[in-house]
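Novice: build me a model:
(chains A, B, C and D)
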There are 2 protein chains.
Amino acid sequence: MPRRSATDVASNRARAVEAAVDLASVEGLEGLTIGRLAEQLAMSKSGLIGRFGDKEALQRAVLAAAVERFTEAVWQPAARATPGLARLEAIVDAWIEHLRDGVFPGGCFVTTASVEYDARPGSLHDDVAAAVRRWLGVLEDEARRASDDGALAPGREPADVAFELHSLASGGSVAGRLTGDSTALDRTRASMRRAIGLPPE
Amino acid sequence: MPRRSATDVASNRARAVEAAVDLASVEGLEGLTIGRLAEQLAMSKSGLIGRFGDKEALQRAVLAAAVERFTEAVWQPAARATPGLARLEAIVDAWIEHLRDGVFPGGCFVTTASVEYDARPGSLHDDVAAAVRRWLGVLEDEARRASDDGALAPGREPADVAFELHSLASGGSVAGRLTGDSTALDRTRASMRRAIGLPPE
DNA sequence: AACTATACGGAACGATCGTTCGTTCCTTAT
DNA sequence: ATAAGGAACGAACGATCGTTCCGTATAGTT
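Specialist: Numbers count the residues shown, from 1 in each chain, chains lettered A, B, ... in the order given. Next up is the predicted model:
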């Protein structure tokens, strides 16, 4: 078998991480296996893990890549909108689209990781928790801006809005996917719009 | 080592399932291991699995027991309330209490199982999906009754209410547990009350 | 042209996975 | 009293897990 030239090296690692993201979005970060990933990449287990050190380092790289993918799909398009309520609306749209398009073949990656590590300590727990806190912070900032603009119902707490949006997207995506309910994302979108005081479209 | 008398036999199986529920609520149904469960029960792997046939049968029994535990903790106390909005309110209270008390050491079992099997076919997927559909149906029935009573906002669909309650509880529980946010359940309760048109307490 | 660093393969490691087998013990029914 | 059924054991199975070691081919440096 021909060896890969060393110029492909960097892209090879990235290729491994991307494949691992897809695999782990279905099987979970904990269900991710070096053997199966190596097989899918048509390379040896030792060659694969040698790039990362050990499995935990691979998992952390995979998680970081998944967060990156989420950010690109949801935050980046919404960042073009005006801060405040308009941006919240754009986030909701991009978020739902992201879930609908199947950016992750196994459903929202961060939700999967959240459930896997919500009761287990370790560096992966910390990484997932940090990512979720960061995202909740982004949502809260936008909600606060909207509140300052008077675009939110009086007395509505930005932190509550952020947490509610996250709960709805996360919970709704899972339940819809599990039960095969094709209207779930529409319902979730409507609920999220309701949460920020937008009229049903 | 003294053998267990055969009169304990029935309770022994139940004991195994209960221990497995606690284990699987942390590690997931997929992360459940015959070896570790047997060790915790101080019995042999073969003796344990012999009771169920194979691992999948054990997992299904564990799932059924977890659903039973949830039903007892949430539905049973709420069933005493008047059908309709009052019962929905009672469900919300019991649900939050159930999450707060840590009926499952690793967070809501059904949510964990939902995430594990939302992208993987098989009999376990079907069992989890059936359980979730059944629960959504219960919620929807109560919401419809509330709607018929005129206790819900006009135009509010019972199925939407049911789905939203489920999303909020499921997503909120996970996020709160992951980030260590002690106010998450209070927030979730407030959101759920808002979803059924109840005033903040 | 020689050297260094690294990416990868191949083989093997001990551990653990789920499962199967045959045996022993206890309870219950005959 | 004896036969039958079932529960649990210990031992072993092949498979797979993550990991380690070493050889080797390649890329970049001097």
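Novice: ok, which stretches of chain A are helices?
Specialist: Remark: helices assigned in chain A by DSSP state H are A:9-27, A:34-41, A:45-50, A:55-70, A:76-78, A:85-101, A:109-117, A:123-148, A:158-179, A:184-195.
Novice: could you dump these into JSON lines with mean neighbour count, mean pLDDT and distance to DNA strand D added?
Specialist: All C-beta spots, glycine's among them, are computed from the backbone N, C-alpha and C. As requested, those are exported to JSON lines (neighbours: other CB atoms under 10 Å in any protein chain shown; pLDDT from 0 to 100; distance: least, CB to the nearest atom of the strand, whole Å):
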{"stretch": "helix A:9-27", "mean neighbour count": "18", "mean pLDDT": "88", "distance to DNA strand D": "8"}
{"stretch": "helix A:34-41", "mean neighbour count": "15", "mean pLDDT": "97", "distance to DNA strand D": "3"}
{"stretch": "helix A:45-50", "mean neighbour count": "14", "mean pLDDT": "96", "distance to DNA strand D": "3"}
{"stretch": "helix A:55-70", "mean neighbour count": "19", "mean pLDDT": "98", "distance to DNA strand D": "3"}
{"stretch": "helix A:76-78", "mean neighbour count": "15", "mean pLDDT": "98", "distance to DNA strand D": "32"}
{"stretch": "helix A:85-101", "mean neighbour count": "20", "mean pLDDT": "98", "distance to DNA strand D": "28"}
{"stretch": "helix A:109-117", "mean neighbour count": "26", "mean pLDDT": "98", "distance to DNA strand D": "14"}
{"stretch": "helix A:123-148", "mean neighbour count": "19", "mean pLDDT": "98", "distance to DNA strand D": "13"}
{"stretch": "helix A:158-179", "mean neighbour count": "25", "mean pLDDT": "98", "distance to DNA strand D": "24"}
{"stretch": "helix A:184-195", "mean neighbour count": "22", "mean pLDDT": "98", "distance to DNA strand D": "32"}
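Novice: so can I have TSV of those showing distance to chain B?
Specialist: Formatted as TSV, those follow (distance: least, CB to the nearest CB, whole Å):
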stretch	distance to chain B
helix A:9-27	5
helix A:34-41	14
helix A:45-50	21
helix A:55-70	13
helix A:76-78	20
helix A:85-101	12
helix A:109-117	4
helix A:123-148	5
helix A:158-179	3
helix A:184-195	5
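Novice: DNA strand C is nearest to which of those?
Specialist: helix A:45-50 (2.5 Å; CB to the nearest atom of the strand).
Novice: and that closest one, anywhere near DNA strand C?
Specialist: Yes: with CB under 7 Å from any atom of the strand as the criterion, DNA strand C is reached by helix A:45-50 at A:K45, A:S46, A:G47, A:L48, A:G50.
Novice: can you give me the pLDDT of A:A79?
Specialist: For A:A79, the pLDDT comes out at 98.
Novice: tell me the pLDDT at A:R3?
Specialist: On pLDDT, A:R3 comes in at 38.
Novice: pretty sure A:L198 contacts A:A90?
Specialist: No: judged on CB atoms under 8 Å, A:L198 makes no contact with A:A90 at a distance of 11.4 Å.
Novice: can you put the residues of helix A:45-50 next to DNA strand C in a markdown table and add distance to B:V138?
Specialist: Converted to a markdown table, the residues of helix A:45-50 next to DNA strand C look like this (distance: CB to CB, whole Å):
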| residue | distance to B:V138 |
| --- | --- |
| A:K45 | 47 |
| A:S46 | 52 |
| A:G47 | 52 |
| A:L48 | 47 |
| A:G50 | 52 |
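Novice: out of those, which one sits closest to A:D22?
Specialist: A:L48 (15.2 Å; CB to CB).
Novice: who's in contact with that closest one?
Specialist: With contacts defined as CB atoms under 8 Å, 6 or more residues apart in numbering or on different chains, A:L48 is in contact with A:A16, A:I34, A:L37, A:A38, A:L41.
Novice: and A:S44, what are its phi and psi?
Specialist: The phi/psi pair for A:S44 (degrees, to the nearest 10) reads phi -80, psi 160.
Novice: ok, it to B:P121 distance?
Specialist: Using CB to CB, to the nearest Å, A:S44 is found at 30 Å from B:P121.
Novice: between the two, who's got more neighbours?
Specialist: A direct count of neighbours by other CB atoms under 10 Å in any protein chain shown for A:S44 and B:P121 places A:S44 higher, at 13 against 8.
Novice: okay but A:L136 is in contact with A:E164, surely?
Specialist: No: contact criterion CB under 8 Å: A:L136 and A:E164 do not qualify, at 10.6 Å.
Novice: I figured A:V115 hits B:T112, correct?
Specialist: Yes: if you go by CB under 8 Å, A:V115 and B:T112 touch, sitting 5.5 Å apart.
Novice: give me the common contacts of these two.
Specialist: Taking CB under 8 Å, 6+ apart as the criterion, A:V115 and B:T112 both touch B:G28.
Novice: what sits against A:S182?
Specialist: A:G176.
Novice: and the gap between it and B:F109?
Specialist: Where B:F109 is concerned, A:S182 sits at a distance of 26 Å (CB to CB).
Novice: okay if I get the contacts of A:L48 as JSON lines plus distance to B:P83?
Specialist: Converted to JSON lines, the contacts of A:L48 look like this (distance: CB to CB, whole Å):
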{"residue": "A:A16", "distance to B:P83": "55"}
{"residue": "A:I34", "distance to B:P83": "53"}
{"residue": "A:L37", "distance to B:P83": "52"}
{"residue": "A:A38", "distance to B:P83": "56"}
{"residue": "A:L41", "distance to B:P83": "56"}
